[in-house]
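Q: the sequence isn't on hand, but the structure is:
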């Protein structure tokens, strides 16, 4: 971790006695996109606002490029901010919105003109420069907000729930666009989201926040395959929860185990006549099948429990009522304050 | 709007809606008899003797003085109330503090309390025997001077600017200002470039209401103004002329009243244009 650009060191923040952030410590490398991921009310926006200087931390340090910026006012921090609802200036057209930061910095008119034109071209809104925010779609507004935030060439870009105000349909498309755009500019960015899918897709690093504390920091791959807490295992990716009982073939649990989490992709389903060499499996009956094209989801009842498994959409489809072998390859066992991966005896 | 239409569709009967016709009749009759007829009578009486009489009445020294005083008082109280109104609206919408609700309701006092009472209060405070007189006497003389008239008018017209812009500022929220501040804009730039453009039509509407009220105020001004030709405003002059009972004086009273009506109509027009523009903007924004 050599090239840390944004750093928070043991930062605390309380609002009226309520601890919104506790002992927040993390570092983000230059040029990376980081996600602050957590459920609503977990304190992720507070962290973002402290970096931006819109909220003052009670203690700890906020550093950018190796300098502590705790006492630098928000407008001197060289940070671009995309607000949750974009906060575009409603009485200004798109050109003036993007030009605002440059005008405030008293840049020359020619220079402002050149930069704004360049930015509008970059975000593909050149033809809408005379329009007002209310005439734009959600996606277009987001692009304007982005262009406005990066107009003054800030070193850091912060985005507060950048996709919250956008229809589900075009979110996916915009995510790719935003990621490409940030990478193109090479600007170190942090965005806040409650959507794990969004975080996984966009971010180089994810910082999982829960109840004002950092649960885990890591790449999407690390978080998914190696969650360090029950919360992370539950929050990143869907997991089925079970009591630690002895019915799962191929596993034996300690007394301290409180819960067992199984991810769908670790559930393997075979026809009764397939895989005769398989030793550890449970027998289940298919309750229902939902076909999604590229895959289908099987709802299997197994020892009185309901298990969800997936099957490739191109495979010969299993039918409702059919008896199948259910083999769990690996799962997470949860202890009181810990979580551990456990692999089926047969697959070790 | 859609709600109204729906309600109309439910309530409307096929042929003739008696209730609707009755309500319209009542409204028209009420507004006609209570507002239009009296005003019409005044205008008729002012114009009855021809334009020449009207103009000569307007040229009377007392009328000219009253017009000057009225415009001066209205202008000063408009300026003061605009500045303080914006300041009050600003602190009521942008900051959270204790007693904010109390302050908000106190702003309405001039609307609910008789102006004469407050004028009396001023006299008790700042008059010759008033307890606060020694404190202000050396700067400004208040009772029975133009300053007293201005003070009374400011009191009466204070709520208008505040009441017009507080809801607008609340609806707009603080987001745009935060964004501007984040981008490095200072307080003055934020106010002039972000807040002001967003509230300008509401402000203009409030200012015109304030002016209209300032021109027409009678009670509070009556208590604090004493000399005709010096501190009398047009409403007081109209009253003074009419009270003499002489035929020519009464004619002059109508002429002065007509002048006042002309001023008010001008302001009403400004206000309506401002309102029309605000509404049009709202409709545009609703198309989001």
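A: Received the coordinates, thanks. Values in this document were obtained by computation on a predicted structure and should not be read as measured data.

Q: so where's the chain uncertain?
A: Just going to use chain A. Residue ranges of chain A with pLDDT under 70: A:1-2.

Q: if you could check chain B rather than the one you did, that'd help
A: B:1-16, B:137-138, B:142-143, B:281-288.

Q: could I get the buried residue list for stretch B:40-59?
A: Within stretch B:40-59, the residues that count as buried by 16 or more other CB atoms under 10 Å in any protein chain shown are B:42, B:45, B:46, B:53, B:54, B:57. C-beta here means a position set from N, CA and C on the backbone, and glycine is covered the same way.

Q: hang on, residue A:192 in a helix?
A: No. Assigned with DSSP: H, G, I helix; E, B strand; the rest coil, residue A:192 falls outside any helix and is strand.

Q: bridge partners for it, pull those for me.
A: Bridge pairing for residue A:192 (DSSP bridges) gives the partners residue A:36, residue A:160.

Q: residues in contact with it?
A: The contact partners of residue A:192, taken as CB atoms under 8 Å, 6 or more residues apart in numbering or on different chains, are A:35, A:36, A:44, A:45, A:47, A:48, A:159, A:160, A:161.

Q: quick one on the thing from earlier: so which of the buried residues of stretch B:40-59 comes closest to chain A?
A: residue B:42 (41.6 Å; CB to the nearest CB).

Q: can you give me phi and psi for that closest one?
A: Dihedral angles of residue B:42 (phi, psi; degrees, to the nearest 10) stand at phi -60, psi -50.

Q: longest helix anywhere in chain A?
A: helix A:168-185 (DSSP state H).

Q: same question for chain B.
A: Max-length helix for chain B by DSSP H is helix B:247-286.

Q: what helix or strand is residue B:67 located in?
A: Using DSSP states H and E, the element containing residue B:67 is helix B:61-94.

Q: just confirm residue B:212 is within a strand.
A: No. Counting by three-state DSSP, residue B:212 is not part of a strand but helix.

Q: residue B:267 is in contact with that one, correct?
A: Yes. With contact defined as CB atoms under 8 Å, residue B:212 reaches residue B:267; the gap is 4.6 Å.

Q: tell me which residues are up against stretch B:61-79.
A: Stretch B:61-79 has contacts (CB under 8 Å, 6+ apart) with B:57-58, B:146, B:149-150, B:153-154, B:157, B:207, B:210-211, B:214-215, B:221, B:228-237, B:240-241, B:252, B:255-256, B:259-260, B:263.

Q: domains of chain B?
A: For chain B, automatic domain parsing gives the domain ranges B:1-48, B:50-287.

Q: burial count for residue B:27?
A: Other residues near residue B:27 number 10, with proximity taken as other CB atoms under 10 Å in any protein chain shown.

Q: who's in contact with the closest residue to residue A:167 other than its chain neighbours?
A: Among residues not flanking residue A:167 along the chain, residue A:138 sits closest, at 6.5 Å (CB to CB, 6 or more residues apart in numbering or on different chains). For residue A:138, the contact set (CB under 8 Å, 6+ apart) comprises A:165, A:166, A:167, A:170.

Q: hmm, 10 Å instead?
A: By CB atoms under 10 Å, 6 or more residues apart in numbering or on different chains, the contact set of residue A:138 is A:85, A:86, A:163, A:164, A:165, A:166, A:167, A:170, A:171, A:174, B:288.

Q: now do residue A:226
A: Going by CB under 10 Å, 6+ apart, the list of residues near residue A:226 reads A:216, A:218, A:232, A:233, A:332, A:339, A:341.

Q: and the furthest pair within those?
A: Using CB to CB, the contacts of residue A:226 span at most 15.6 Å, a distance reached by A:218 and A:332.

Q: before we move on, the earlier item: return only those of the buried residues of stretch B:40-59 found close to chain A.
A: Applying CB under 10 Å from any CB of the partner chain to those, one finds that nothing falls near chain A.

Q: among these, which ones are in helices?
A: B:42, B:45, B:46, B:53, B:54, B:57.

Q: export those residues to TSV and append columns for distance to residue A:8.
A: Below are these laid out as TSV (distance: CB to CB, whole Å):
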residue	distance to residue A:8
B:42	73
B:45	79
B:46	76
B:53	83
B:54	78
B:57	78
